[in-house]
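J.: any chance you can model this:
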Amino acid sequence: MIINTFSYLWSSTAIDAIAELVDNGYETFEVPISSPHCWPDELSGPDRAAIYARLNEYGAKIRSLNAGGYDINLASPGANMRRKSVEHIKSVIDLAEAWEVPEVVISPGTRRPMISPSLENVYGWMYESLENLIPLAKQAGTRLLFENTPYCFTPTIQDLAGVVSTVNDDSVKIVYDVANAAYIGEDPVDSLLSYHESIGLVHISDTGTETWGHDPIGTGVIDWNELGNAARETCGVNNVVLEIIREQNPVQEFKKATQDLKNQGWELGD
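T.: Okay, here's the model as predicted:
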């Protein structure tokens, strides 16, 4: 199972968080791209080389870098903002290449909620941005994964599966976040079983339906036993990212989550 370092966003750098997590038995990670946790523009060539050396020293691997979607918008009506967004994601792809990270998580973009531009235009702007990003990802040996998020203009698995089908390129898949899905009323188990061929990674955490969360296992509405069966039948636990977000005692939160998942029948090993 992959561990997301989001809980350390404001308390330590990604590599220091990884060092702590390696000491507690974890080996593979997803890193959110956020300053000062991990921000390409703040990492010089020597900095990147030093971090890569530390990863190798620890026997750790970063499976995915999450470029995020709050500061950028691939579907912006403004061409210069789309260019800025592509430029930022290119900097994340460059970092992924330097650290041999195979996947980069991206956001489809957002749409103004009042007097919205037409979906036809928004999709068109996003596909235009993708035309620039896909060659860059391929050249770097990375794959782009669109994440389902409630605030984006493509919040459902059907929306993103439609994008993947339209692009029809193995370099573009989905990271399916079960908490994001459950929060908007989607059934994560049915969706994973139905759309697994378009899904590259699965983010897991719990949530309610009134308050959006990335909460400990068993505290929300997710059916963890059924989700574990679906994960085993489709993507496998090696493609599952534990993304519980808790700033206090994250190591203990991850240990408890692992045990809670085992209690729900998940086969995670020792």
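J.: so residue 172 sits against residue 135, correct?
T.: No - using Cβ atoms under 8 Å, residue 172 is not in contact with residue 135, being 11.9 Å away. All C-beta spots, glycine's among them, are computed from the backbone N, C-alpha and C.
J.: of the two, who's got more company?
T.: More crowded of residue 172 and residue 135, by other Cβ atoms under 10 Å: residue 172, with 22 against 11.
J.: leaving out chain neighbours, which residue sits closest to residue 140?
T.: residue 97 (4.0 Å; Cβ to Cβ, 6 or more residues apart in numbering).
J.: how much space between that neighbour and residue 53?
T.: 16 Å (Cβ to Cβ, to the nearest Å).
J.: do residue 259 as well
T.: With Cβ to Cβ as the criterion, residue 259 and residue 53 are 33 Å apart.
J.: neighbour count winner among those two?
T.: residue 259 (13 against 10).
J.: report all helices and strands that the helix or strand the more buried one falls within contacts.
T.: If you go by DSSP states H and E, residue 259 is part of helix 250-263. Applying 3 or more Cβ pairs under 8 Å, 6 or more residues apart in numbering; DSSP states H and E, we find helix 250-263 packed against helix 14-23, helix 224-233, strand 240-242.
J.: quick one: mean pLDDT for the shortest one?
T.: Averaging pLDDT along strand 240-242 yields 98.
J.: what sits up against it?
T.: Residues outside strand 240-242 that contact it (Cβ atoms under 8 Å, 6 or more residues apart in numbering): 1-4, 30, 63-64, 175, 201-205, 231, 254, 257-258.
J.: pretty sure residue 75 contacts residue 108?
T.: Yes - the pair residue 75 and residue 108 passes the contact test of Cβ under 8 Å, sitting 6.4 Å apart.
J.: overlap of the contact sets of those two?
T.: The contact sets of residue 75 and residue 108 overlap at 126, 153 (Cβ under 8 Å, 6+ apart).
J.: what about the strands in this protein?
T.: Under the criterion DSSP state E, strands of the chain are mapped to 2-4, 28-32, 61-66, 103-106, 143-147, 172-177, 199-204, 240-242.
J.: residues in contact with residue 173?
T.: Residues near residue 173 by Cβ under 8 Å, 6+ apart: 143-146, 164, 198-200.
J.: and the gap between the nearest residue to residue 7 once chain neighbours are set aside and residue 109?
T.: Residue nearest to residue 7 in three dimensions, not counting chain neighbours: residue 250, with 3.8 Å by Cβ to Cβ, 6+ apart. Counting by Cβ to Cβ, the gap from residue 250 to residue 109 is 30 Å.
J.: then residue 70?
T.: With distances taken as Cβ to Cβ, residue 70 is found 11 Å from residue 109.
J.: of these two, which one has the most company?
T.: Remark: of residue 70 and residue 109, residue 109 carries more neighbours, 23 against 10, as counted by other Cβ under 10 Å.
J.: doesn't residue 71 make contact with that one?
T.: No - contact criterion Cβ under 8 Å: residue 109 and residue 71 do not qualify, at 11.9 Å.
J.: coming back round to it: the residue nearest to residue 7 - how many residues pack around it?
T.: A count of nearby residues for residue 250, using other Cβ under 10 Å, gives 22.
J.: quick one: it from residue 34, how far?
T.: As judged by Cβ to Cβ, residue 250 and residue 34 stand 15 Å apart.
J.: quick check, nearest of the contacts of residue 173 to residue 186?
T.: For the contacts of residue 173, the closest approach to residue 186 (Cβ to Cβ) belongs to residue 199, at 13.3 Å.
J.: wait, what's in contact with the closest one?
T.: Residue 199 neighbours (Cβ under 8 Å, 6+ apart): 173-176, 192, 234-235.
J.: how about 6 Å then?
T.: By Cβ atoms under 6 Å, 6 or more residues apart in numbering, the contact set of residue 199 is 174, 176.
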